[in-house]
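>>> predicted model and sequence follow; I will ask about them next.
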Amino acid sequence: MASPSQKRLQRELKLMQSEPPPGMTVDHEEAMQDLTRWIINVEGAPGTLYEGEHFQLQFKFGSRYPFDSPQVMFTGQNIPIHPHVYSNGHICLSILTDDWSPALSVQAVCLSIVSMLSSCKEKKRPLDNTFYIKTCHKNPKKTKWWYHDDEV
Amino acid sequence: MATSSGSEPGPSREGEENKEKDERMFECNICLDTARDAVVSMCGHLFCWPCLHQWLDTRPNRQVCPVCKAVISKDKVIPLYGRGSGKQEDPRNKVPPRPPGHRTEPENTNGFPGFGFGDGGFQMSFGIGAFPFSFFTSSFNFGEPRPNPAPVGTPQFGEEQFLSRVFLYIACVFILWLLLA
């Protein structure tokens, strides 16, 4: 018998395949092998600084999903250069920790991240990037994020 | 015939899609399954009661609707009873039961049934009579909070036994007096 979190993940996976949001594809085979780890290929939205770029987002789900937020970070070769994305792939986004809600889905999180990228006006790394990537935990959820900048 | 194979995009398929959409209307916003033990928040969002309960337990100091972040609470959700509800196995073994629906009974016009005067008098005097005992027992305890009883054999143990016996006799006499008077 599948646990509630697995059931929901299966549902989300099915939806992600049948009605994928624009510019996003889920690596289905990877997700089928291990339902708790998904890779999502994301395209930079047209008309933004990231147009034509390809990124990979990694989702890891705990057993308490959806009551607990998933672990989300950029992975792969191309990590977007953005004031809220560290060069190790960690993302400073409030819905991934404090503002998480179980009504959010993988799709909603991906859309939020793409829209965060889209509203960027200048490609640059966070100010504390070098310090952060040296000192942070591997799991971005262990970071005590300080959400202060609502502009991008 | 070769041409008869393949799917026909006809009304049957459309109907299926509509049916799917209809079903999605009644999905819980948390588990994405058809809501069981359905409740609806004041802001109008549908959940399974077990799902919503677990979410409210997850963040006890920040109780907001998962969909719209309106303030919600366990007492302020409305259960939905469809015709097909009930009978199925109860999934709420680990969860407190769904809060009841709010309905008001028509006002009761009968006043409080009157007791005999003597009864009331008896109750009253008993209440006052009990007062000194509770007063003594609480003020004859040395220090706060209530100390443990003294160990057996010490002079204090004897004293305590004596005191408690004295109060017991006083209580008996008092009750006897109440009954006879």
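Looks like it came in fine. Numbering: from 1, shown residues only, chains lettered A, B, ... in the order given.

>>> just read off the phi/psi values of A:His90.
phi -70, psi 140 (degrees, to the nearest 10).

>>> residues in contact with it?
A:73, A:132-133, A:136, A:140, A:143 (CB atoms under 8 Å, 6 or more residues apart in numbering or on different chains). No exception for glycine: its C-beta is placed from N, CA and C like everyone else's.

>>> for the residue nearest to B:Leu32 when sequence neighbours are not counted, grab phi and psi.
Spatially, and ignoring its direct neighbours in sequence, B:Leu32 is nearest to A:Arg11 (4.8 Å; CB to CB, 6 or more residues apart in numbering or on different chains). Main-chain torsions, A:Arg11, degrees, to the nearest 10: phi -60, psi -50.

>>> tell me, how many residues neighbour the residue of chain A found nearest chain B?
Nearest to chain B, among the residues of chain A, is A:Ala103, at 3.8 Å (CB to the nearest CB). Neighbourhood size, A:Ala103 [other CB atoms under 10 Å in any protein chain shown]: 19.

>>> residues contacting it?
Counting by CB under 8 Å, 6+ apart, A:Ala103 has contacts B:29-30, B:45, B:66-67.

>>> mind running it again at 7 Å?
B:29-30, B:66-67 (CB atoms under 7 Å, 6 or more residues apart in numbering or on different chains).

>>> can you pick the most crowded of the residues you listed?
That'd be B:Ile30 among the contacts of A:Ala103, by other CB under 10 Å, with 25 neighbours.

>>> who's in contact with that one?
B:Ile30 touches A:66, A:102-103, B:47-48, B:51-52, B:55, B:66, counting by CB under 7 Å, 6+ apart.

>>> give me the buried subset of those.
A:66, A:102-103, B:47-48, B:51-52, B:55, B:66 (16 or more other CB atoms under 10 Å in any protein chain shown).

>>> give me the neighbour count for B:Arg24.
B:Arg24 has 11 nearby residues by other CB under 10 Å.

>>> ramachandran coordinates for it?
Dihedral angles (degrees, to the nearest 10) for B:Arg24: phi -70, psi -20.

>>> for it, give its distance to chain A.
If you measure B:Arg24 against chain A using CB to the nearest CB, to the nearest Å, the figure is 10 Å.

>>> and B:Leu52, which of the three is it?
helix (DSSP: H, G, I helix; E, B strand; the rest coil).
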